[in-house]
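Asks: 3D model of this:
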Amino acid sequence: MNQDDLDNTRYRIRTIVYSYLVAVLAIVFATLARLLFDPVVGEMHPFITYIYAIIFSAWYCGLGPALVSLVLGFLCAAYFFAYPRGSIAVYGIDLQVGMTLYIFVGISSILFNESLRFAKRRAEENAHALAIKSEALQEEINKRRITEKEKEGLLRKLVNLQELERARISRELHDQCGQDLVALQLNMGYLKSFLPKSLSENPCTFKCDVIACKV
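Replies: Take a look at the predicted model:
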């Protein structure tokens, strides 16, 4: 196990311990609040302040701490404020109905907050998966853009090479044709030197002059 795993484990442990401590403190504050109202309400509504503690624990601490606070709230309310005090037994139809409502509201709050927490986790997981897919798609688009640019660069290089090759062939043809024409003109002049000067004597002299002028 590397250092990162140890740090993550310690962080999770601290978070769990903190959640349970907060749940217990919520029950403590609920008990103190009920003590403040005790001179007014007496043994009536012993679970009233603990319901808010359960709702807070379910919202802030999670499933385990909320269940712990539910049990602790029931024990504190029954022992300190329900008749007979000093016992966890609940007598009387009113107190039993209040206990039933307390358990029902507490479990409903826990289940409701857990469903919200589960939906939030699912939404975060879906958002994370969507972000990964979006990054992969963007990376694929970037790769295709780079590939297209490379293809365009290769095509431009190919066109440039073709133009250079055409220009080279044209220069070679031009030089070769020029050399052949100059050689032909020289040969025509050389042949003309062997022909008679007068056109009336030999018409080939005139033909040689015409060909030389065209070259």
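
Asks: In the protein, mark out all the helices, start to finish.
Replies: 3-41, 48-60, 63-76, 93-192, 204-214 (DSSP state H).

Asks: so where's the chain shaky on pLDDT?
Replies: Per-residue confidence of the chain (counting by pLDDT under 70) places the weak regions at 1-2, 175, 178-215.

Asks: and the residue positioned nearest the centre of it, what does it touch?
Replies: Note on the chain: the residue nearest the mean C-alpha position is Ala131, at 2.6 Å, using C-alpha atoms, centre = their mean. Going by C-beta atoms under 8 Å, 6 or more residues apart in numbering, Ala131 touches no other residue. Glycine gets a C-beta too; all of them are placed from N, C-alpha and C.

Asks: Also Ala129?
Replies: Applying C-beta under 8 Å, 6+ apart, we find Ala129 in contact with no residue.

Asks: where's it relative to Glu135, distance?
Replies: Distance check for Ala129 against Glu135: by C-beta to C-beta, to the nearest Å, it reads 11 Å.

Asks: Could you do Gln96 as well?
Replies: Counting by C-beta to C-beta, the gap from Gln96 to Glu135 is 58 Å.

Asks: And for Arg14?
Replies: 32 Å.

Asks: Burial check on Ile110, number of neighbours?
Replies: For Ile110, the tally of surrounding residues (other C-beta atoms under 10 Å) stands at 23.

Asks: I'd guessed it sits against Leu67; true?
Replies: Yes. Look at Ile110 against Leu67 with C-beta atoms under 8 Å: they come within range, at 6.7 Å.

Asks: quick revisit: for the helices of the chain, which one ends up most surrounded?
Replies: The highest average neighbour count among the helices of the chain, using mean count of other C-beta atoms under 10 Å, belongs to helix 48-60 at a mean of 22.

Asks: returning to that earlier point: out of the helices of the chain, flag the one nearest Arg85.
Replies: Minimum separation from Arg85 across the helices of the chain (C-beta to C-beta) falls at helix 3-41, 10.2 Å.

Asks: got the contact list for the closest residue to Val41 other than its chain neighbours?
Replies: Sequence neighbours aside, Ile48 is the residue nearest to Val41 in space, at 7.9 Å (criterion: C-beta to C-beta, 6 or more residues apart in numbering). Ile48 makes contacts with 34, 37, 41, as judged by C-beta under 8 Å, 6+ apart.

Asks: Can you give me the distance of Leu63 to Ile51?
Replies: Noted for Leu63: a distance of 17 Å to Ile51, by C-beta to C-beta.

Asks: again with His174
Replies: 103 Å.

Asks: and if you look at Leu6?
Replies: Using C-beta to C-beta, one obtains 40 Å as the distance from Leu6 to Ile51.

Asks: Without its sequence neighbours, what residue ends up closest to Ile16?
Replies: Ile16 sits nearest to Gly64 (C-beta to C-beta, 6+ apart), 7.7 Å away.

Asks: Confirm for me that that neighbour is in contact with Val17.
Replies: No. In terms of C-beta under 8 Å, Gly64 does not count as a neighbour of Val17; the distance is 11.2 Å.

Asks: Name all residues that make contact with Gly92.
Replies: Shown in contact with Gly92 (C-beta under 8 Å, 6+ apart): Tyr83.

Asks: No further queries at this time; thank you.
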